[in-house]
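Undergrad: 3D model of this:
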Amino acid sequence: MFLYALLSLVLLVGFAAGVLSDGVVALSGAWRLQTHPARLVNDFSQIAGPGAALVNATLVAAIALVLIWRSQISLSGPTIAAFFTVLGFGLFGKTPLNVIPIIVGVAISARVTRHTFGEYILIALFGTALGPLVSAIAVEAGLAGIPAIAAALVGGLAAGFLLPPVAMAMLRLHQGYNLYNIGLTSGFLALFAASALRAAGLTLGPGGEWNASPSPLLVYLIPVLSVLLIASALVLGRGKIFGNLLEITRNSGRLPSDFVSSVSHGGALLNMGIMGIGFWAYVLVIGGDLNGPVLGGILTIVGFASFGKHPRNCWPIVVGVAAATLVFGRSLSDAGPLLALLFGTTLAPLAGEFGWKLGIVAGFIHLVMVLQTGAWHAGITLYNNGFAGGLTAALLVAIIEWRRTNQKKTEGFRSNRT
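TA: Predicted structure coming up:
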């Protein structure tokens, strides 16, 4: 119950801060976001104000928390990661109205295959990455009124229904070395969805909004959250949490790596707080914008710090993405490279399992990929880095497995000769 109380407190404080910062405008702005196309990258703090963005984010995350509770699923590493990911993307793409059809579609898929919704809840929550598909059909497809709503619902339900079988196939592809498995899954489905929309005559061109002057409400959001997480860790773990943190850093992070269940609640919370403040400080140092998308990236890291990420397996990815950014003449504070560095930590298990050198290589390749993949799906999936990370992980894992297989054959050949 402690974790439920903690996450509920995060939602209450976030909602109150959003309303108090902008007043009634925050509520009206949050309502206006429900009819926004929401494709990547649209910073809700720029479109409707920081208060409205925060109100929207807490409402979407509240839906996630209620579903976890109603499904009688314990709050552990994966569910905490889902909660913070949904919260983060509520600042730039997810709204209550565009995520509900996806969730219902997954629930129907569970019913058809005779599974409980609880068994598919992680797919449902992470699968809300396809929320912009619902918004795009409703707002950008040239329909209006009931036809627009009906078409958006059908699109969302269909996407949600297909998520479980595709997710299972994608997991086999990268073998758990891409923490954002639903990112690869949603990206794969988004390719087909975007192609269908384009074939129907819909123009899905580039666009988006980026807040280059974030308010103090956004700038200090992560430090406040991190202090809360670290304080909670101290309450739970007392003197043991630092040993627990060391134990966490020895884990490769490969899926599934639940630090809450396998190590301790306190150790996981401490790791979450440290990761949050560390990446927040990095953004400040390079002069990046602590706006909706960037905060979404940091909140996702905070969530996955309970389920796969820690300083030891993330730093090589960071170095690799930063190196590629500089090699190709980009600034570290540019939107694309900055988001790639934050979300690219999805590849942390590669560094955790195979060492820092491969981690740097993975980060370098990730930037190359992620700067291209967004155009493929036209921003219909919010987890573009998860999509690019999945492709990168699949490539590297295939090479590693090929090398291992040939080494075994060579060793067997030598053994037979002797």
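Undergrad: tell me the contacts of the nearest residue to residue 155 once chain neighbours are set aside?
TA: Distances taken as C-beta to C-beta, 6 or more residues apart in numbering place residue 137 nearest to residue 155, at 4.7 Å, with adjacent residues excluded. All C-beta spots, glycine's among them, are computed from the backbone N, C-alpha and C. Residues counted as contacts of residue 137 (C-beta atoms under 8 Å, 6 or more residues apart in numbering) are 143, 148, 151, 152, 155, 156, 197.
Undergrad: ok, 10 Å please
TA: Residue 137 makes contact with 37, 98, 101, 143, 148-156, 193, 197, 202, 380, according to C-beta atoms under 10 Å, 6 or more residues apart in numbering.
Undergrad: select only the buried ones of those in PyMOL?
TA: The following PyMOL line selects those of the contacts of residue 137 that are buried, judged by 16 or more other C-beta atoms under 10 Å:
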select buried, resi 37+98+101+148+152+153+155+156+193+197+380
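Undergrad: tell me the confidence at residue 412?
TA: Per-residue pLDDT puts residue 412 at 56.
Undergrad: grab the longest helix from the chain for me.
TA: In terms of residue count, the longest helix belonging to the chain (DSSP state H) is helix 384-417.
Undergrad: from the chain's centre, how far out does the worst-scoring helix or strand of the chain on mean pLDDT sit?
TA: In the chain, no helix or strand scores lower on mean pLDDT, DSSP states H and E than helix 384-417, which sits at a mean of 81. How far helix 384-417 lies from its chain's middle: 27 Å, per C-alpha atoms, centre = their mean, to the nearest Å.
Undergrad: do stretch 311-321 as well
TA: With C-alpha atoms, centre = their mean as the basis, stretch 311-321 stands 17 Å off its chain's centre.
Undergrad: same check on stretch 38-56?
TA: With C-alpha atoms, centre = their mean as the basis, stretch 38-56 stands 17 Å off its chain's centre.
Undergrad: just stretch 4-16 next, same as before
TA: Per C-alpha atoms, centre = their mean, the centroid offset for stretch 4-16 relative to its chain is 20 Å.
Undergrad: circling back to that earlier point, buried residues, the longest helix of the chain. List them.
TA: For helix 384-417, by 16+ other C-beta under 10 Å, it's 384-394, 396-397, 400.
Undergrad: likewise stretch 199-208?
TA: Residues 204, 208 are the ones in stretch 199-208 that count as buried (16+ other C-beta under 10 Å).
Undergrad: again, but for stretch 30-47
TA: Neighbour-count burial for stretch 30-47 flags 30, 33, 36-47 (criterion: 16+ other C-beta under 10 Å).
Undergrad: what's the answer for stretch 258-271, then?
TA: Neighbour counts using 16+ other C-beta under 10 Å place 258-261, 263-271 of stretch 258-271 among the buried residues.
Undergrad: over to stretch 209-221?
TA: For stretch 209-221, the neighbour count (16+ other C-beta under 10 Å) marks 209, 210, 211, 214, 215, 217, 218, 219, 221 as buried.
Undergrad: just list whatever residues bridge to the first one.
TA: With DSSP bridges applied, the residues forming beta bridges to residue 209 are residue 42.
Undergrad: roughly how far does it sit from residue 43?
TA: 5 Å (C-beta to C-beta, to the nearest Å).
Undergrad: so what sits against both of those two?
TA: In contact with both residue 209 and residue 43: 92, 291, 292, 293, using C-beta under 10 Å, 6+ apart.
Undergrad: need those residues in TSV (columns: distance to residue 404).
TA: Shown next, in TSV, are the shared contacts of residue 209 and residue 43 (distance: C-beta to C-beta, whole Å):
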residue	distance to residue 404
92	40
291	43
292	42
293	38
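Undergrad: tell me the mean pLDDT for stretch 273-292?
TA: On average, the pLDDT along stretch 273-292 is 98.
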